[in-house]
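Novice: Using only what follows, build the 3D model:
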Amino acid sequence: MTDLLDDFKEQIEDIFEEVRNGLLSELPKITSGTERIERCRYFKQRLQRVGVIRRSMLHEINDLSSKLEASKWQQIIDNFEVQQTSLQQQLLDAEAETPTISKNTVITSKDMTTAAKNIQQESKESAARTKQVVDNIIMIGTEVGIDLQMQTEQLTNIEGNAELIESNLKRADVQLRIILRNLQKDKLFLSLFFLMIVAIISAVIVIFVLSKTNDKSFLKEGESII
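Specialist: Presented below is the predicted three-dimensional model:
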């Protein structure tokens, strides 16, 4: 748990160092107002990242078992919040500050032309970045559309497979009913066949018994004649 908090702490400190270096070294050298605003916005986004990390740290310290450890980390997070607020205010001041030109500097037509070219180049770069963003959005939209189409096809195939399975189950149920019906017919046929066999055997026995009885009667009659 503390390893993760240490990692969050290191990330925030790196961001603070980056923003401070930008305020002290990078922004004072920028003479273009547009470029200054863009860099300030970049540093603001970095500070917004600090806010996200701080919230993650607050969530993590709630799981600490030691109250003393949690209190220590809470103080560190509060200190980070103070530093973040201070740097955000400094960025607002730097963004509102107009680049100054030395009084000893003589502005010539060449300088004005160069400045105009720089502004034009910045506009082209800004337009190119905007176009790139739009192209990325279109590309992402196309990819999302393709993914949705593929998912729709998969859902359609799944639905078709489900209907096929249901149809096969119904067919299997019908076949099972037919088999059971045939078995019932076979049982009836076997019962009739068994009754026929019993009847034939009974008839044979009766005929045999009657023949024996007739033979005995004939022998008795013969003895009486003698």
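
Novice: which intervals of the chain have sub-threshold pLDDT?
Specialist: 1, 98-112, 115-116, 118, 122, 183, 185-186, 189, 212, 214-226 (pLDDT under 70).

Novice: The host helix or strand of residue 154 - contacts with which helices or strands?
Specialist: Counting by DSSP states H and E, the element that carries residue 154 is helix 109-225. Under the contact definition 3 or more C-beta pairs under 8 Å, 6 or more residues apart in numbering; DSSP states H and E, helix 109-225 sits against helix 33-61. (Glycine included, C-beta is placed from N, CA and C.)

Novice: quick check: angle from the helix holding residue 154 to helix 33-61?
Specialist: Here helix 109-225 points in a direction 40 degrees away from that of helix 33-61 (axes from the mean of the first three to the mean of the last three C-alpha atoms, to 10 degrees).

Novice: In three-state terms, label residue 31 for me.
Specialist: coil (DSSP: H, G, I helix; E, B strand; the rest coil).

Novice: Pull the number of nearby residues for it.
Specialist: Using other C-beta atoms under 10 Å, residue 31 has 12 other residues around it.

Novice: Then the one 3 residues further on?
Specialist: If you count neighbours by other C-beta under 10 Å, residue 34 ends up with 14.

Novice: Please report how far it lies from residue 44.
Specialist: 16 Å (C-beta to C-beta, to the nearest Å).

Novice: One more: residue 134?
Specialist: For residue 134, the distance to residue 44 - C-beta to C-beta - is 23 Å.

Novice: Quick one: residues contacting residue 73.
Specialist: Residue 73 is in contact with 5, 57, 61, 64, counting by C-beta atoms under 8 Å, 6 or more residues apart in numbering.

Novice: backbone phi and psi for it, please?
Specialist: Note on residue 73: its backbone torsions stand at phi -70, psi -30 [degrees, to the nearest 10].

Novice: do you know how far it is from residue 93?
Specialist: 31 Å.

Novice: and what of residue 203?
Specialist: 125 Å.

Novice: Tell me the one of the contacts of residue 73 nearest residue 88?
Specialist: Using C-beta to C-beta, residue 57 comes nearest to residue 88 of these, at 18.4 Å.
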